[in-house]
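> next input, structure requested:
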Amino acid sequence: MRTERIGFFNKDFFWGILIISLVFFTVALVPFVGAVAIVLIPLPVVFFLERLGRLRGLAVLALSLLIVQSTLRLIATDIDTSLFLLLAYLGIVISEVLKKGFSIEKTVLIAVIAGAGMAFLLLLLQSGASREMPWSLVYAYITRSFQESIELSTQMGAQAEQIKFIKDNIGVITRFLLYLMPALSIVGLAFVSLLNILFARRIPLASGGISHDFGDLTRWKAPEGIVWILIVSGAAVLIPPLLGWKIAGLLIAGLNILLICLFIYFLQGLAVIEYYFGSRSVPRLFR
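Okay, here's the model as predicted:
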């Protein structure tokens, strides 16, 4: 039993707690570095799940979340750690899906669906705890984020006219972002998932070998049927205003679908650029 205990709580176990906790603390307490580090939260989760195995990896993640949550409460910060939980869960999903050998599209899609489901569940739990409607919580979160950004911009010496414009129109901007929140959430989850998958696919599995090779991604292209969805969503956005139709639901749905389609074609554009750089032997640092 003593040997098993030592094997479970080994050096890598405590390194995992330290590194994952440091990532969480950096995101929570260091604004500029945290803004970049937040999108890579799933990566150390994937790494230690693969290095330590599923059981010990989950134990490391649970202890890290507990340490961070307790410490942030102790220093009386009002930081919401639900985003940490969401991104850590995304790391768990990515770790599991990479072992299945799916295509890059299916791998990202599963991660996005799982992440969206967890985000919706967390939103419902917060809604029930606060006895507020989910969209009211999202509206308040966006407004609070804008106010914090305004304060930060003011401290950094931003132009007074720009600050005044945002303050005067913060209600309109917040409502617009609220309408686009479904697409923004999906695009954000897809971006974070893809970025972490591309890094994590080279992490050796606990059983040995490489996670998964998706082939030459510079030759990736969007499914051909997406172009028709793009056309229809664009028509839903442009035609009603031209005809004087006031169909808010159609406009909002069209904008959300259009944004997702544009993100897919943005990824295809990146693949084309990377293929061009590779074919021209552009230095990796420049790329």
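
> the helix ranked longest in the chain packs against which elements?
Looking only at the chain and at elements set by DSSP state H, the helix with the highest residue count is helix 248-279. Where contact means 3 or more C-beta pairs under 8 Å, 6 or more residues apart in numbering; DSSP states H and E, helix 248-279 is packed against helix 170-179, helix 181-200, helix 226-243. All C-beta spots, glycine's among them, are computed from the backbone N, C-alpha and C.

> ok, and what's touching stretch 166-182?
Contacts to stretch 166-182, defined as C-beta atoms under 8 Å, 6 or more residues apart in numbering, come from residues 135, 138-139, 142-143, 146-147, 150, 184, 252, 255-256, 259.

> number of nearby residues for the nearest residue to Leu217 once chain neighbours are set aside?
Using C-beta to C-beta, 6 or more residues apart in numbering and skipping the chain neighbours, the partner closest in space to Leu217 is Ala271 (6.2 Å). By the other C-beta atoms under 10 Å criterion, the neighbourhood of Ala271 contains 17 residues.

> over to the one 4 residues further on?
For Tyr275, the tally of surrounding residues (other C-beta under 10 Å) stands at 15.

> enumerate every residue touching it.
If you count contacts by C-beta under 8 Å, 6+ apart, Tyr275 has them with 218-219.

> confidence score at it?
If you check Tyr275, the pLDDT there is 86.

> roughly how far apart are it and Ile79?
Shown here: Tyr275 relative to Ile79, a distance of 41 Å by C-beta to C-beta, to the nearest Å.

> what does Leu52 give?
Using C-beta to C-beta, one gets 27 Å for the distance from Leu52 to Ile79.

> quick one: which of the two has more around it?
When Leu52 and Ile79 are compared for neighbours, Leu52 comes out ahead with 21 against 16, by other C-beta under 10 Å.

> which SSE is the residue nearest to that one when sequence neighbours are not counted in?
The shortest distance from Leu52 to any residue that is not its chain neighbour, by C-beta to C-beta, 6+ apart, is 5.9 Å, and that residue is Asp12. When elements are defined using DSSP states H and E, Asp12 is found to belong to helix 11-29.

> what of Glu224?
With DSSP H and E as the test, Glu224 turns up in no helix or strand.

> ok, it to Leu243 distance?
For Glu224, the distance to Leu243 (C-beta to C-beta) stands at 30 Å.

> tell me the first helix or strand C-terminal of the host helix or strand of Ser64.
Taking DSSP H and E as the criterion, the element that holds Ser64 is helix 54-74. The C-terminal neighbour of helix 54-74 among helices and strands, as given by DSSP H and E, is helix 82-98.

> so how far is stretch 169-185 from its chain's centroid?
Once both centres are worked out by C-alpha atoms, centre = their mean, to the nearest Å, stretch 169-185 turns out to sit 17 Å from its chain's centre.

> stretch 217-236 now?
Taking mean C-alpha positions (C-alpha atoms, centre = their mean), stretch 217-236 and its chain are 22 Å apart.
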